[in-house]
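> Below are the sequence and a predicted model for it; my questions follow.
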Amino acid sequence: MSKNKVLKYSLLLVVVMMLVSSLSVSLAQDDKTLTVYLNQYYDPAQNPDTAKLSQDIAQKYMDAHPGVTIKLVENLPASQDAEAFLAARMAADQSPDIMWQQFGTRNVRGKTWWVPLNDYLDKPNPYIAEGTPGHDKWSDSLPDYVLAQTRAADGNWYQVSLDWVETGLYYNKDLFKQAGIDPKNWTSWGKFIGDLKTLKEKTGADGLGAYVKQGDWSNWFWADDLFLTVTWSDIAKDIYMEKYNDANRPWRQLNPEEVAKAILDGKLNATDPRMENYLKLSKDFVSVLPADYNGIASLDDLDKVFFSGQLGAYWTGTWKNKTIADAAPFEYGVTYIPGFTKEDAPGAQGTAYRVGGPSSAGQYGIAQSAAKNGKLDLAVDFLQYISAPQNFGPMATSLGGFLPLVKGTDAGPVMSGFEDVAKLPERMFNDPDNRLDLAARDPWINAMQAFFLGQTDDATTLTALQGIWMDGAKRLCADQKYDWCPAS
């Protein structure tokens, strides 16, 4: 074959390849099928009413946008690893276009998986009514504290957080009235504990539904997180590591590396005198629990105790909303632990701390594959549509397990009780199994149980806790080999 023919064929091949590429891009841009994973908001097996409502809302969108197809992806069963599911599809550019993921993990993945939404959040949301926050600027439809906590370290938002999981105290109004107690009068931890003891004296019911379990999670973990937070909150800025600081979140939760470094630097020491206050708060707490608090197997077991009128209050979460609404044979309300004062603990900052946050069902971002396939504008438009209060509000009310955050939604009389809790600062310390590592959990539980049962005194308990902290910090250094770790 002559050189001229080779050249002609080569040029022809290049032209064909360009045409094929152009056609592929055109087809991708013409693809108006959007796959959407709404987590629990589309789970026909577990939540059929909410799933139907979500499908109806998607259908209304399709009716208003001829040629567009919205395919809702069923929620994965609890036995399936959502991260493994997502990682495999991200690797193949086959993720749902709009997808749920826990905000912390999503922010670590960042731009490699997700589209930054900053520019879109600054623009109007045409599906929100004029005069309602979010119409002129989409981000205005969400509370500032939500935007602050869900912003990634690189300054981007990779999701909109439309709801919130929170804990609170469901309380029996009949028992409180009988005891002459009004939660609005709780001005300190001391007043709170005193009132729950009064309730026990006047009604015979235990003050608070909570428990401690050997070798496993219990809702005492929440209390333990709060008591450590109150104890050390005044030196939080001395413990924060610069590399994790975010100007948008001057107060935040410590991560395991920061806890370990503070321990090895001597900033966190369980034998510090301030830990005496931690023990006092902890002992106050168990003094208002049921006598068999260390024999209760699960949080669900407290449902029956609460419904039978044997508990004044029950510390659980938004996910119990429907269960309690359907089963409680008495009028109930939702309140929370009051702010901690200097009288409660010298380091207290005059506030309580929330346990919950945006780790909920309504966390949605847009996959980079949607942008690659020419569907970014459509994905943004549908995400704006479902985030409008007239759409997401009914979805949240139907599911009933999370607090809706979109301004203009009606949280309902019970869920509205969680709104003030959600505005509180987050806890500084995580649960015992996440402060350092899982191996530190059981020794911490055992040391505190021995203290609660009177088997150890203050000094022995604090020495044991310091040993647990030091061992955990050294394990983290051995495992992670942080550049600041002391030479072994």
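Nice, I can see it.

> okay, CA-based contacts and neighbour counts for the rest of this
Fine.

> So which residues of the stretch 351-488 of the chain form helices?
368-372, 376-387, 389-399, 412-415, 419-422, 441-452, 458-480 (DSSP state H, counting those that start in this stretch).

> Looking at the ones you listed, which is nearest to residue 97?
Proximity to residue 97 (C-alpha to C-alpha) singles out helix 368-372 among the helices of the stretch 351-488 of the chain, at 5.1 Å.

> What's the mean pLDDT across the closest one?
Average pLDDT, helix 368-372: 97.

> starting at the chain centroid, how far to it?
27 Å (C-alpha atoms, centre = their mean, to the nearest Å).

> Keeping just the C-alphas, turn that helix into CSV.
Extracted as CSV, the C-alpha positions of helix 368-372 are listed here (Å, rounded to 0.1, in the frame of the first residue of the first chain):
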residue,chain,number,x,y,z
GLN,A,368,-19.0,12.9,39.3
SER,A,369,-20.3,10.3,36.8
ALA,A,370,-23.5,12.3,36.4
ALA,A,371,-21.4,15.2,35.3
LYS,A,372,-19.3,13.0,33.0
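
> Assign residue 71 to helix, strand or coil.
strand (DSSP: H, G, I helix; E, B strand; the rest coil).

> how far away is it from residue 41?
14 Å (C-alpha to C-alpha, to the nearest Å).

> which of the helices of the stretch 351-488 of the chain has the lowest average pLDDT?
Among those, helix 412-415 carries the lowest mean pLDDT (a mean of 75).

> Check which residues of that helix are buried.
Buried residues in helix 412-415, defined by neighbour count with 16 or more other C-alpha atoms under 10 Å: 414-415.

> send the alpha carbons of it over as CSV?
Output of helix 412-415 as CSV, limited to C-alpha atoms (Å, rounded to 0.1, in the frame of the first residue of the first chain):
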residue,chain,number,x,y,z
GLY,A,412,-44.9,18.4,63.8
PRO,A,413,-45.6,18.8,67.5
VAL,A,414,-43.3,16.1,68.7
MET,A,415,-40.4,16.5,66.3
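
> now the helices: where do they sit in the stretch 101-250 of the chain?
Taking DSSP H, counting those that start in this stretch as the criterion, the stretch 101-250 of the chain carries its helices at 103-109, 118-121, 144-150, 173-179, 189-203, 220-232, 236-239.

> Where does residue 333 fall, secondary structure wise?
Taking DSSP states H and E as the criterion, residue 333 maps to strand 332-335.

> OK, contacts around residue 322?
The neighbours of residue 322, taking C-alpha atoms under 8 Å, 6 or more residues apart in numbering as the test, are 400-401.

> average model confidence for the helix or strand containing it?
Assigned by DSSP H and E, residue 322 falls within helix 321-327. Average pLDDT, helix 321-327: 91.

> Go through it and flag the buried ones.
Result for helix 321-327 [16+ other C-alpha under 10 Å]: buried residues residue 321.

> Helix or strand next in line after the strand or helix carrying residue 88, which one?
In the assignment (DSSP H and E), residue 88 maps to helix 82-91. Past helix 82-91, further along toward the C-terminus, the next helix or strand under DSSP H and E is strand 98-100.

> which helices and strands does that next one pack with?
Secondary-structure packing of strand 98-100 (3 or more C-alpha pairs under 8 Å, 6 or more residues apart in numbering; DSSP states H and E): strand 33-37, strand 363-366.

> would you turn these into JSON lines with mean neighbour count and distance to residue 462?
As requested, the helices and strands packed on strand 98-100 are exported to JSON lines (neighbours: other C-alpha atoms under 10 Å; distance: least, C-alpha to C-alpha, whole Å):
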{"stretch": "strand 33-37", "mean neighbour count": "20", "distance to residue 462": "47"}
{"stretch": "strand 363-366", "mean neighbour count": "26", "distance to residue 462": "40"}
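
> Quick one: closest of the ones you listed to residue 481.
Closest among those, using C-alpha to C-alpha: strand 363-366, at 33.1 Å.

> and the closest one, which strands flank it?
Strand 363-366 pairs in its sheet with strand 98-100 (antiparallel), strand 160-161 (antiparallel), by DSSP bridges.

> Which one of these lies nearest to residue 425?
For those, the distance to residue 425 is smallest for strand 160-161, at 17.2 Å, taking C-alpha to C-alpha.

> returning to what we had before: which one of the strands paired with strand 363-366 is the most hemmed in?
Looking across the strands paired with strand 363-366 with neighbours counted as mean count of other C-alpha atoms under 10 Å, the highest average goes to strand 160-161: a mean of 28.

> What mean pLDDT does that strand get?
98.

> Other residues contacting it?
For strand 160-161, the external contacting residues (C-alpha under 8 Å, 6+ apart) are 142, 146, 150, 358, 362-365, 405.

> from the chain's centre, how far out does that strand sit?
With C-alpha atoms, centre = their mean, you get 12 Å for strand 160-161.

> Touching, residue 452 and residue 283? I think so.
Yes. Residue 452 is within contact range of residue 283, at 6.6 Å (criterion: C-alpha atoms under 8 Å).

> re earlier: let me have the helices and strands packed on strand 98-100 in CSV, extended by distance to residue 115.
Listed next are the helices and strands packed on strand 98-100 as CSV, based on distance: least, C-alpha to C-alpha, whole Å:
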stretch, distance to residue 115
strand 33-37, 15
strand 363-366, 6
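
> Assign a three-state SS to residue 254, would you?
Strictly by three-state DSSP, residue 254 counts as coil.

> how close does it get to residue 127?
Counting by C-alpha to C-alpha - residue 254 and residue 127 are separated by 38 Å.

> now residue 290
Taking C-alpha to C-alpha, one finds residue 290 at 50 Å from residue 127.

> now do residue 83
31 Å.

> Between these two, point out the one with more neighbours.
A direct count of neighbours by other C-alpha atoms under 10 Å for residue 83 and residue 127 places residue 127 higher, at 19 against 12.

> is it true that the more buried one touches residue 135?
Yes. Assessed by C-alpha under 8 Å, residue 127 is found in contact with residue 135 at 7.3 Å.

> on that earlier part again, which among the helices and strands packed on strand 98-100 is found nearest to residue 258?
It's strand 363-366; of the helices and strands packed on strand 98-100, that one is closest to residue 258 (C-alpha to C-alpha) at 26.8 Å.

> Export the strands paired with strand 363-366 as TSV, with columns for distance to residue 46.
Output for these, formatted as TSV (distance: least, C-alpha to C-alpha, whole Å):
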stretch	distance to residue 46
strand 98-100	17
strand 160-161	22
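
> give the contact list for residue 43.
50-51, 74-75.

> Select from those every entry located in strands.
The strands, defined by DSSP state E, take in nothing from the contacts of residue 43.

> which of the residues you listed are buried?
With burial judged by 16+ other C-alpha under 10 Å, the buried subset of the contacts of residue 43 is 50-51, 74-75.

> Which residue, other than its chain neighbours, is closest to the most centrally placed residue in the chain?
Centroid-nearest residue in the chain: residue 359, 2.6 Å away (criterion: C-alpha atoms, centre = their mean). Excluding the flanking residues, the one nearest residue 359 by C-alpha to C-alpha, 6 or more residues apart in numbering is residue 102, at 5.9 Å.

> What does that neighbour show for phi and psi?
Per-residue torsions, residue 102: phi -60, psi 140 (degrees, to the nearest 10).
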